[in-house]
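Asks: Structure for this input, please:
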Amino acid sequence: MNNQVSKIKIGVIFGGSSSEKEVSLAGGRHVYQHLDRSKFIPVAIFWDSQLKFWQIPESLIIRNTCKEIEENLESKGAKRIFLEQLPEIIDLAFLVTHGKYGDDGCLQGILEMLNIPYTGSGVLSAALGLDKKMQREVMKADGGINLPDYLVIKRSGWENDKEKVKEKIKEKFSYPIVTKPTREGSTIGVMLVKEENDLEKGMEKAFEYDNEVLVEEYLRGKEFSCVVFGNDEPVAFLPTETIYDSEIFTYDHKYLPGASKKITPIKINEKIIKEIQEQAVRTFKALGCKGYARIDGFVDENGKVFITDPNSAASTGMGPSSWTYHQAALAGMSLPQFLTKIIELALEAHKNKKGPLQ
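Replies: Next up is the predicted model:
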């Protein structure tokens with residue numbers, strides 16, 4: 001058989017309509033450029049702000065913003081892809097999408113109906129990974145995952161009686177607290193509320209992005225991220241510590257060069273590292289993740305490990321400077337090898353599924 005014909009066509013999907021689409025672009029470009037060409041034929045698929053698919057050429061992949069790509073789609077030879085055409089163009093979707101519609105099970109559901117395997121977790125797990133309210137209900141049922149104290153406030157309850165909500169929060173927490181939308185990533189809509197006078201500002205900021213707000217205790221200590229890798233028998237990589245000059249880890253800290261420092265592995269005793277890994281794997285299993293997930297959390301000032309933000313969709317941490325690759329390197333994998341293994345895990349998971357990927 002001709003080697004070119006036997007290669008798997010990998011559709012690297014990035015962009016979208018979420019507030020994190022520029023992060024998706026940076027990660028998608030990086031994945032596209034580093035896939036092993038001896039095994040795969042990469043196909044760059046841009047998901048525009050209207051959620052239409054386009055196969056785009058190199059001249060557009062290198063553009064710096066999604067807006068620049070959209071403005072040049074037709075003039076630079078991009079080809080519109082209708083959903084029913086996707087199975088003819090790609091054999092597997094490598095998802096580098098972020099946020100609403102990309103990480104939350106929506107895109108995964110479309111691919112399931114088209115019978116196209118995709119990287120990362122299935123519809124339900126992806127949805128849980130973005131929904132901070134429901135993921136915590138599932139994680140609590142495990143019984144062994146440490147979660148920070150939290151409350152979920154609905155927009156209707158807040159608008160009907162703000163004073164009642166304020167009293168409810170005061171009964172449960174001491175300030176400062178953190179307010180965040182229940183379904184957003186990259187610290188978008190998040191605010192550190194230092195005193196009750198700032199609560200309305202924090203709530204309104206979060207309500208810009210969702211109709212429910214997660215109110216959470218403010219944790220002090222070391223912030224970590226830990227990649228969990230595998231399907232039925234997942235393993236945790238050595239976790240990374242994130243150091244930043246602020247009271248919370250903002251969008252700018254995450255993505256601006258030099259705004260934060262990543263140390264892999266986290267500088268802490270071996271016993272706590274093992275506890276982080278154990279908590280991360282428990283979270284991965286509780287949420288039904290597949291392939292690859294990033295589990296974020298804190299080690300507080302007393303050495304207790306908390307899980308704060310599990311990211312089940314296999315799109316997170318794919319940008320050029322991501323600590324994800326540092327963890328993979330310490331696990332013995334180069335960047336192309338790491339991407340190849342993600343694809344292999346996806347093919348394995350979809351081959352063995354009964355119905356939509358769980």
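Asks: Can you find the helix or strand of this protein with the lowest average pLDDT?
Replies: Lowest by mean pLDDT, DSSP states H and E among the helices and strands of the chain is helix 251-255, with a mean of 46.
Asks: Assign a three-state SS to residue 262, would you?
Replies: strand (DSSP: H, G, I helix; E, B strand; the rest coil).
Asks: That one bridge partners, please.
Replies: residue 242 (DSSP bridges).
Asks: Could you tell me which residues make contact with it?
Replies: 240-243, 323, 326 (C-beta atoms under 8 Å, 6 or more residues apart in numbering). Heads up, the C-betas are built off the backbone N, CA and C, glycines and all.
Asks: tally of neighbours for the closest residue to residue 177 other than its chain neighbours?
Replies: Closest residue in space to residue 177, ignoring its immediate chain neighbours: residue 193 at 5.2 Å, by C-beta to C-beta, 6 or more residues apart in numbering. Neighbour count of residue 193, defined by other C-beta atoms under 10 Å: 22.
Asks: and the gap between residue 193 and residue 139?
Replies: Here the criterion is C-beta to C-beta, to the nearest Å. By it, residue 193 lies 24 Å from residue 139.
Asks: likewise residue 271?
Replies: 22 Å.
Asks: neighbour-wise, which of the two wins?
Replies: Set residue 271 next to residue 139 and count neighbours by other C-beta under 10 Å: residue 139 wins out with 21 against 8.
Asks: List the buried residues for the helix or strand encompassing the more buried one?
Replies: For residue 139, the host element (DSSP states H and E) is helix 132-142. Residues of helix 132-142 classed as buried: 132-136, 138-139 (neighbour count, 16 or more other C-beta atoms under 10 Å).
Asks: got it, and stretch 194-201?
Replies: In stretch 194-201, counting by 16+ other C-beta under 10 Å, buried: 198-199.
Asks: That stretch spans what distance, first to last residue?
Replies: 11 Å (C-alpha to C-alpha, to the nearest Å).
Asks: For that stretch, which outside residues touch it?
Replies: 162, 166, 169-170, 175-176, 179, 191, 193.
Asks: Buried ones from those, can you make that a PyMOL selection?
Replies: To isolate the buried subset of those in PyMOL, counting by 16+ other C-beta under 10 Å, use the following:
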select buried, resi 169+175+176+179+191+193
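Asks: quick one: which of the contacts of stretch 194-201 sit in strands?
Replies: Using DSSP state E, the members of those that fall in strands are 179, 191, 193.
Asks: low-confidence ranges in the chain?
Replies: Scanning the chain with the threshold set as pLDDT under 70 gives 1-5, 185-186, 244-260, 314-316.
Asks: and with 80 instead?
Replies: 1-5, 185-187, 244-260, 313-317, 358 (pLDDT under 80).
Asks: Contact partners for the nearest residue to residue 295 once chain neighbours are set aside?
Replies: Setting aside the residues directly before and after it, residue 295 is nearest to residue 280 in space (C-beta to C-beta, 6+ apart), at 4.0 Å. Going by C-beta under 8 Å, 6+ apart, residue 280 touches 226, 228, 236, 239, 295, 297, 307.
Asks: repeat that with 7 Å
Replies: 226, 228, 236, 295 (C-beta atoms under 7 Å, 6 or more residues apart in numbering).
Asks: Same check on residue 135?
Replies: Residues in contact with residue 135, defined by C-beta under 7 Å, 6+ apart, are 128-129, 287, 310.
Asks: In a markdown table: those, plus distance to residue 69 and neighbour count.
Replies: Listed next are these as a markdown table, based on distance: C-beta to C-beta, whole Å; neighbours: other C-beta atoms under 10 Å:
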| residue | distance to residue 69 | neighbour count |
| --- | --- | --- |
| 128 | 30 | 26 |
| 129 | 26 | 31 |
| 287 | 32 | 25 |
| 310 | 30 | 28 |
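Asks: Surely residue 92 is in contact with residue 117?
Replies: Yes: between residue 92 and residue 117 a contact is recorded at 4.9 Å, counting by C-beta atoms under 7 Å.
Asks: tell me, what's touching these two both at once?
Replies: Contacts common to residue 92 and residue 117, judged by C-beta under 7 Å, 6+ apart, are 346-347.
Asks: ok, now how distant is residue 222 from residue 302?
Replies: Taken as C-beta to C-beta, the span from residue 222 to residue 302 is 12 Å.
Asks: same check, this time on residue 125
Replies: 31 Å.
Asks: mind listing the helices for the stretch 51-200 of the chain?
Replies: 58-61, 66-71, 86-89, 106-113, 123-130, 132-142, 155-160, 162-172, 199-207 (DSSP state H, counting those that start in this stretch).
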